[in-house]
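*Asks:* Okay, here's the prediction I keep looking at, along with the sequence it came from:
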Amino acid sequence: MGLFNKLFGKKEQKETLDHGLEKTREGFFSKITKAIAGKSTVDEAVLDELENALVSADVGIETTVKIIDQIEKRVARDKYLNTAELNKILKEEIQNILVAAPQDNSYTDYELPTGHKPHIILVVGVNGVGKTTTIGKLAHNFKLAGKSVLLGAADTFRAAAVDQLTIWSERAGVPIVKKDMGSDPAAVAFDTVNSGVSKNVDVIIIDTAGRLHNKAHLMDELSKIKRVIQKVVPDAPHEVMLVLDGSTGQNALEQAKHFTAATDVTALTITKLDGTAKGGVVLAIANHFKIPVKFIGVGEKAEDLLVFNKQDFVDSLFTL
């Protein structure tokens, strides 16, 4: 058990997750309860209502169809399916969706992958998704887990992004490398990695500009950042993390499609799940992309950025 888990235990993390998914869970189950009210068996009407409940939670059409198809097969096979069994079967099918999705436990208890140092994370995502805040929370939690952290403010196109990351660096008590607004982002990234290597830090987290209107420009900029930091650490970055706003539902899925087409995304973080009933988008994203969801945000505090655990997520979704 890592230091992070000692300071912020499993029970507290589960309670945080349960609270964070409350709106999704309540909206979802109120629709399911309505679907099976007065019913003794799972018929076509129940399945239609269940389909509506899944779509309303932003599970997505593709993922919803997959879940409903599997339930229909079980209904046909078992001939008689009691509505009391529906939650159990639905939970199993949602588990199957997540189990089939990629899993990477590299950050369990905010531990870092072994075999290299520093561990360099390049963070991407459009403005407004909580990208800079997520970086600040990551910094806080890695430090809480006993890691030395350095931040790089390479989103130099928005003064607010640099200022916000500076505030988080002060709050977390970790150093930051930054330049004036309009500076070359690649130069900031290079200086950050150079400084991190010289100081032998454990993890370097670099913020990048959140533009998506021009994919070619985005790809060129990220490619340049990668090239310059590879002059210092040849196998960097070790992670390209895409931050998505879970409260935007299917729009988050579309953003993921654009970013994965523009650059090599290796990890996903889904934020703002506490303020929405659209938490089912996690299932849609897990089902659609062959990229592991590694963190989810379920609140304002740094400790509310949780390492994503599939089983805990499903259990929390079905905690009544």
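*Replies:* It's in.
*Asks:* Lowest-scoring secondary structure element of the protein by mean pLDDT?
*Replies:* For the chain, counting by mean pLDDT, DSSP states H and E, helix 3-7 ranks last in confidence among helices and strands (a mean of 47).
*Asks:* Under the pLDDT cut-off, which ranges of this protein? List them.
*Replies:* Along the chain, the model assigns pLDDT under 70 to residues 1-9, 79-80, 104, 212-216, 320.
*Asks:* one more time with 50, if that's ok
*Replies:* Low-confidence segments of the chain, defined by pLDDT under 50, are located at 1-4, 6-7.
*Asks:* Helices of that one, residue ranges please.
*Replies:* Secondary structure of the chain by DSSP state H: the helices cover 3-7, 10-20, 22-36, 44-56, 61-78, 86-100, 131-144, 159-172, 185-198, 215-230, 250-262, 281-288, 310-317.
*Asks:* got a list of what the nearest residue to Gly27 once chain neighbours are set aside touches?
*Replies:* For Gly27, ignoring the flanking residues on the chain, the nearest one in space by Cβ to Cβ, 6 or more residues apart in numbering is Ala277 at 3.7 Å. All C-beta atoms are positioned from the backbone trio N, CA, C, and that covers glycine. The contact partners of Ala277, taken as Cβ atoms under 8 Å, 6 or more residues apart in numbering, are 23-24, 26-28, 56-57.
*Asks:* Out of those, the closest to Ala284 would be?
*Replies:* Ala284 lies nearest to Ala57 out of those, by Cβ to Cβ, at 9.4 Å.
*Asks:* tally of neighbours for that closest one?
*Replies:* Other residues within reach of Ala57 by the criterion other Cβ atoms under 10 Å amount to 27.
*Asks:* now do the one 4 residues further on
*Replies:* Ile61 is surrounded by 12 other residues when neighbours are defined as other Cβ under 10 Å.
*Asks:* For Ile121, see how far away the closest residue to it other than its chain neighbours is.
*Replies:* Using Cβ to Cβ, 6+ apart and skipping the chain neighbours, the partner closest in space to Ile61 is Val55 (6.8 Å). Computed as Cβ to Cβ, to the nearest Å, the Val55 to Ile121 distance reads 34 Å.
*Asks:* Between those two, which has more neighbouring residues?
*Replies:* Set side by side, Val55 and Ile121 give different neighbour counts by other Cβ under 10 Å, the larger being at Ile121 (23 against 17).
*Asks:* which residues does that one contact?
*Replies:* Taking Cβ under 8 Å, 6+ apart as the contact definition, Ile121 lies against 138, 203-206, 237-241.
*Asks:* likewise His217?
*Replies:* Arg211.
*Asks:* got the contact list for stretch 173-185?
*Replies:* Defining contact as Cβ under 8 Å, 6+ apart, one finds that stretch 173-185 is touched by 139-140, 143, 148-159, 162, 165-166, 169, 187-188, 191-192, 195, 208-209, 221, 224-225.
*Asks:* Kindly recompute the last result at 7 Å.
*Replies:* Counting contacts by Cβ atoms under 7 Å, 6 or more residues apart in numbering, the residues outside stretch 173-185 that touch it are 139, 143, 149-154, 156, 159, 162, 165-166, 169, 187-188, 191-192, 195, 208-209, 221, 225.
*Asks:* re the thing from before, could you dump the contacts of Ala277 into JSON lines and include distance to Phe313?
*Replies:* What follows is those, written out as JSON lines (distance: Cβ to Cβ, whole Å):
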{"residue": "Lys23", "distance to Phe313": "15"}
{"residue": "Thr24", "distance to Phe313": "10"}
{"residue": "Glu26", "distance to Phe313": "16"}
{"residue": "Gly27", "distance to Phe313": "16"}
{"residue": "Phe28", "distance to Phe313": "13"}
{"residue": "Ser56", "distance to Phe313": "18"}
{"residue": "Ala57", "distance to Phe313": "13"}
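*Asks:* Now the buried members of the residues you listed.
*Replies:* The neighbour count (16 or more other Cβ atoms under 10 Å) marks 23-24, 27-28, 56-57 as buried among these.
*Asks:* now, which of the residues you listed sits nearest Arg74?
*Replies:* Distance to Arg74 across those (Cβ to Cβ) is lowest for Phe28, with 19.7 Å.
*Asks:* Okay, and the beta partners of the residue sitting nearest the centre point of the chain?
*Replies:* Note on the chain: the residue nearest the mean C-alpha position is Thr269, at 2.0 Å, using Cα atoms, centre = their mean. The bridge-partner assignment for Thr269, based on DSSP bridges, gives Val243, Phe295.
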